[in-house]
Structures are given as C-alpha cells and as structure tokens.
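In: curious how this folds, go ahead:
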Amino acid sequence: MKSLRGMAMITAVFIMFGLISIDVLRQEISAQTKDPLKIGVIVPLTGSAASGGKKILMGLEIAEAEINQQGGILGRPLKLIVEDDESRPEAGMSAVHKLIDVEKVPIIVGSHGSSVTIPTATYSNSKGVVQIGVSSTAPALRKIGPYFFSTLATDEVMATDLVKFAMEDTGQKNFSILVMNDSFGVGFGEAMKKSIEAAGGKILSEVRYEKDKTDFRAELQRLFAPKPPAILMVAWFEGARVIQKQAFEMGLYQTLKDSWYSPYINIAVESCIPETVEGRKGTRTVIGKGKRVDDFHAKYSKKVGDPKALAEMYTCLGYDSLWVGALGINMAGGMDSVKIKNALPKAFSQFKGMSGDDLSVDQDGIRINQIYARQVYRNGKLQDYEKK
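Out: Next up, the predicted model:
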C-alpha cells in the first residue's frame with residue numbers, strides 16, 4: 001500500500017505541474033518492489049571542469065530529493081550512482097563501463113563536456129541504454145544515435161547568436177578565433193566560422209590551445225598577429241583566468257577589451273582577475289522565471305548554506321535532466337530501455353524546466369529552443385548589455 005501511495009503522490013506532482021497528461025496515467029499499477037531504482041550519473045568532480053560538474057550534481061541531488069519525497073518513481077525510490085569522469089574521456093569511459101556493465105543502470109545522465117559525453121554516450125547507445133546529456137553542445141552529438149538526448153541546444157544555435165551579437169556590436173564582419181582543442185572548442189569554432197562566412201565575413205586567424213597548458217603567450221601572439229578588430233574566444237574557469245591574465249600583461253587585451261566575446265560569459269569570467277576582463281562581453285543561457293524557479297533557488301540556497309545564493313544554469317540543467325529522465329521512466333511504465341527511449345521526446349516536450357519552459361527536442365533528441373542573454377563585465381560583475 002505504501003508503494004501505491006508513493007506512486008499516487010508522484011503522479012499528482014506530474015499532473016499539478018502540468019508535466020504529464022492524464023491519458024498517460026490511465027493504466028493498471030501493479031505492486032512495485034521497494035528496491036532503489038538506480039540512475040547512473042557521469043560528471044567531472046575533479047579536473048579542469050570540476051566546477052561545472054559539481055554544479056550539475058547539485059541540481060541532480062535536489063531533483064532526486066524532490067522525487068523521493070513524493071514517493072519515488074513507480075513506487076521505487078531513486079538512487080543516483082555517481083561516477084567522476086575527472087574531466088577526461090578515458091575516465092569517462094571507465095565510468096560508463098562500470099555503470100552499464102556492472103551496475104546495470106537503464107539510464108545515464110551526463111556528462112558535462114562534449115569530449116566526455118560523445119564517447120560515453122556512443123557506448124551507451126551501442127548497448128541500448130539511454131543517456132541524457134546535460135551541458136554538452138558539440139554538433140557531433142547529433143550523430144550518436146537514438147538512445148541519446150540533450151537538455152541543452154548544440155553549438156550552432158549559440159554560436160550563431162554570439163556571432164550576431166559581435167557583428168551588431170562592433171559593426172565588423174572579420175574576427176580572430178581562440179578555442180580549446182577539444183570536441184567542444186573545435187565544434188564551437190567551426191559553428192562560428194560557418195556563421196561568420198554566411199554573413200560575408202572571414203576568419204583572420206584561428207588558434208587552438210591545449211587546456212592543460214599554463215603558458216598561452218605564443219597562442220596569443222598568433223591570435224593577434226593579423227591585427228583583428230575583434231576576438232571570439234572559447235575558454236573558461238582556470239584556462240580563461242590564465243589566458244586573460246597573460247593577454248593583459250602583454251598589453252593585448254587593452255587594445256580590444258570592448259570587442260572580445262565569449263559564449264557562456266558567466267564561466268568565462270568567474271575565475272578571472274577583474275581588471276583583466278573589464279569590458280568583456282558574451283552570451284549566456286537564461287534561467288526560467290516564476291514561482292517554481294523561485295522555490296528552486298530557495299532549495300539551492302538552503303543546500304549550499306547561503307541565503308543569497310542563486311542556482312546557476314548548470315544546476316538547473318542537472319535538475320531538469322533528472323526530472324525528464326524520471327518522467328520518461330514513469331511514462332514507459334518500467335525500466336525497458338526501448339520504451340524509455342520512445343517516451344522521452346514526449347517527456348521533454350511536457351516538462352517545464354528550471355532552464356526554460358520549453359525543453360522540446362528535435363529528431364536527433366537535441367533541445368530545439370534556447371534563449372540567450374547578452375552581457376558585459378563592468379566594475380566587477382556581469383550585467384545585461386544594451387548598445388548605446
């Protein structure tokens with residue numbers, strides 16, 4: 001009876017939030033085992049991408065707690081089986097093998113970076129196991145297969161928006177590009193190039209850097225060699241801090257500080273010395289609004305022990321990914337991977353998330369709609385930007 005009450009409670013939550021139609025729930029509910037329903041998680045908790053991975057995990061844990069407080073899914077409590085990919089594809093592959101081959105999970109959420117998500121999701125797809133990407137955006141994700149889904153739109157959407165911003169703001173069509181030499185950086189760079197060339201512009205220099213380096217002065221010299229009127233850069237966290245510091249020390253940043261643009265501007269500047277990024281501009285994904293989002297922020301601030309803290313996009317994406325996965329399992333009526341795969345497009349379309357109201361996916365399982373804010377770093381903080 002407790003199991004059935006739990007199922008009724010989670011069903012009521014889905015209906016209340018408008019997350020699922022009544023028709024989906026008109027079925028016989030048999031007695032369910034109380035054994036935990038395991039969902040695999042692959043995120044970077046160490047290494048260069050650990051900051052983002054920890055934020056994702058925070059959102060996953062908030063969603064897990066909510067679902068379990070309402071009785072779990074199909075009468076079973078959820079249990080996250082978390083594996084650290086160490087910000088490396090090799091560790092990611094070890095993690096996905098453990099989750100699928102040992103833990104026998106029916107669904108995986110993760111990872112953070114495309115360089116880890118692509119190989120792990122390729123393996124998951126080959127084994128008929130659903131994987132929901134949280135914050136990976138490389139266009140190559142589209143080629144993984146029918147068992148892969150993404151809670152975030154791919155690079156071409158954001159790259160087009162970033163290039164449009166830079167062109168409108170500077171009045172220029174020619175740019176130099178600096179990107180990290182991994183799946184995400186190279187993919188985003190290619191997407192920016194296509195957008196620039198489609199608008200009649202050209203790339204003056206394109207430089208790729210290795211993320212584990214600590215000296216980027218040679219790359220910066222090549223980047224500025226053709227005297228570009230503006231820079232498009234893909235870098236964040238510690239890598240961005242070192243690049244910006246060295247560009248500032250070399251006197252290069254000061255020449256273009258108001259014409260230097262990045263995607264995900266929040267994580268492009270958050271680790272940087274303020275004076276080295278004054279005037280930096282870029283775009284970032286926008287978090288949803290409304291009472292549910294306000295309540296989510298309150299849960300996040302309580303979890304981190306800071307009443308003023310607000311959840312960032314990565315935390316919202318982690319939260320949304322787990323809820324959509326849970327809803328897909330609920331719609332499938334069990335743990336059959338084929339049924340979960342077939343149910344997920346509807347789950348994405350019906351769930352109103354923290355990262356936006358519309359999480360609908362296309363035929364490749366990739367989120368279609370994404371809203372971006374244009375921001376500038378002024379006086380030690382990011383603020384919305386409007387050209388005067």
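In: average pLDDT for stretch 170-180?
Out: Summarised as a single mean, pLDDT over stretch 170-180 is 97.
In: so which bits of that stretch are buried?
Out: Neighbour-count burial for stretch 170-180, counted by 16 or more other CB atoms under 10 Å, picks out 170, 173-180. Yep, even glycine has a C-beta here, placed from its N, CA and C like the rest.
In: same check on stretch 251-267?
Out: Buried residues in stretch 251-267 (16+ other CB under 10 Å): 252-253, 256-257, 259-267.
In: give me the subset of those residues lying in helices.
Out: 253, 256, 265-267 (DSSP state H).
In: how long is stretch 270-287 end to end?
Out: 18 Å (CA to CA, to the nearest Å).
In: quick one: that stretch to chain centroid distance?
Out: Remark: stretch 270-287 is offset 18 Å from the chain centroid, using CA atoms, centre = their mean, to the nearest Å.
In: same deal with stretch 210-222?
Out: 26 Å.
In: before we move on, what about stretch 311-319?
Out: How far stretch 311-319 lies from its chain's middle: 8 Å, per CA atoms, centre = their mean.
In: same question, stretch 350-369
Out: The answer for stretch 350-369 is 12 Å, by CA atoms, centre = their mean.
In: and if you look at stretch 226-233?
Out: 27 Å.
In: can I get it in PDB? Just the C-alpha atoms.
Out: Taking Å, rounded to 0.1, in the frame of the first residue of the first chain, the C-alpha atoms of stretch 226-233 are listed here in PDB:
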ATOM      1  CA  PRO A 226      46.700  39.900 -38.200                       C
ATOM      2  CA  LYS A 227      45.600  42.800 -36.000                       C
ATOM      3  CA  PRO A 228      41.900  41.700 -35.700                       C
ATOM      4  CA  PRO A 229      39.200  44.200 -34.900                       C
ATOM      5  CA  ALA A 230      37.500  41.800 -32.600                       C
ATOM      6  CA  ILE A 231      38.100  38.400 -30.800                       C
ATOM      7  CA  LEU A 232      35.800  35.400 -30.300                       C
ATOM      8  CA  MET A 233      37.100  33.100 -27.600                       C
END
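In: quick one: mean pLDDT for that stretch?
Out: According to the model, stretch 226-233 has a mean pLDDT of 97.
In: got the contact list for it?
Out: With CB atoms under 8 Å, 6 or more residues apart in numbering as the test, stretch 226-233 has contacts from 162-163, 166, 170, 172, 174-179, 192, 204-205, 223, 240, 243, 256, 259-262, 268.
In: got the confidence number for the residue positioned nearest the centre of the chain?
Out: Nearest residue to the geometric centre of the chain (CA atoms, centre = their mean): residue 135, 1.8 Å. As predicted, residue 135 sits at a pLDDT of 94.
In: would it count as being in a helix?
Out: No - counting by DSSP: H, G, I helix; E, B strand; the rest coil, residue 135 is not part of a helix but coil.
In: name the next helix or strand downstream of the worst-scoring helix or strand of the chain on mean pLDDT, please.
Out: In the chain, no helix or strand scores lower on mean pLDDT, DSSP states H and E than helix 22-25, which sits at a mean of 39. Later in the chain than helix 22-25, the nearest helix or strand by DSSP states H and E is strand 37-43.
In: which ones among the buried residues of stretch 170-180 are found in strands?
Out: Among the buried residues of stretch 170-180, the members found in strands (DSSP state E) are 174-180.
In: turn the residues you listed into JSON lines, including distance to residue 72.
Out: Formatted as JSON lines, these follow (distance: CB to CB, whole Å):
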{"residue": "174", "distance to residue 72": "56"}
{"residue": "175", "distance to residue 72": "50"}
{"residue": "176", "distance to residue 72": "52"}
{"residue": "177", "distance to residue 72": "47"}
{"residue": "178", "distance to residue 72": "47"}
{"residue": "179", "distance to residue 72": "43"}
{"residue": "180", "distance to residue 72": "40"}
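In: all strands of the stretch 151-300 of the chain, in order?
Out: All strands of the stretch 151-300 of the chain, identified by DSSP state E, counting those that start in this stretch, fall at 174-180, 202-209, 231-234, 260-263, 281-285.
In: which of those strands sits closest to residue 151?
Out: Proximity to residue 151 (CB to CB) singles out strand 281-285 among the strands of the stretch 151-300 of the chain, at 10.7 Å.
In: given the closest one, what are its sheet partners and their directions?
Out: The pairing partners recorded for strand 281-285 under DSSP bridges are strand 260-263 (parallel), strand 372-378 (antiparallel).
In: can I get those in JSON lines with mean pLDDT?
Out: Listed next are those as JSON lines, based on pLDDT from 0 to 100:
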{"stretch": "strand 260-263", "mean pLDDT": "97"}
{"stretch": "strand 372-378", "mean pLDDT": "95"}
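In: out of those strands, which is closest to residue 97?
Out: strand 260-263 (31.5 Å).
In: who is the residue nearest to residue 161 when sequence neighbours are not counted paired with across the strands?
Out: In space, and not counting its chain neighbours, residue 161 is closest to residue 372: 5.0 Å by CB to CB, 6 or more residues apart in numbering. Taking DSSP bridges as the rule, residue 372 bridges to residue 285.
In: quick one: neighbours of residue 372, just the number.
Out: By other CB atoms under 10 Å, 20 other residues sit near residue 372.
In: check contacts around it.
Out: Here residue 372 is in contact with 158, 161-162, 283-286 (CB under 8 Å, 6+ apart).
In: from those, which two are the most distant?
Out: Most distant of the contacts of residue 372, by CB to CB, are 162 and 286, 14.1 Å apart.
In: sorry, back to before: got the strands paired with strand 281-285 as CSV, with distance to residue 115 columns?
Out: Conversion of these to CSV gives the following (distance: least, CB to CB, whole Å):
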stretch, distance to residue 115
strand 260-263, 16
strand 372-378, 23
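In: those helices in the stretch 151-300 of the chain, which residues are they?
Out: Using DSSP state H, counting those that start in this stretch, the helices of the stretch 151-300 of the chain run over 155-170, 183-198, 217-224, 237-249, 253-256, 265-269, 291-304.
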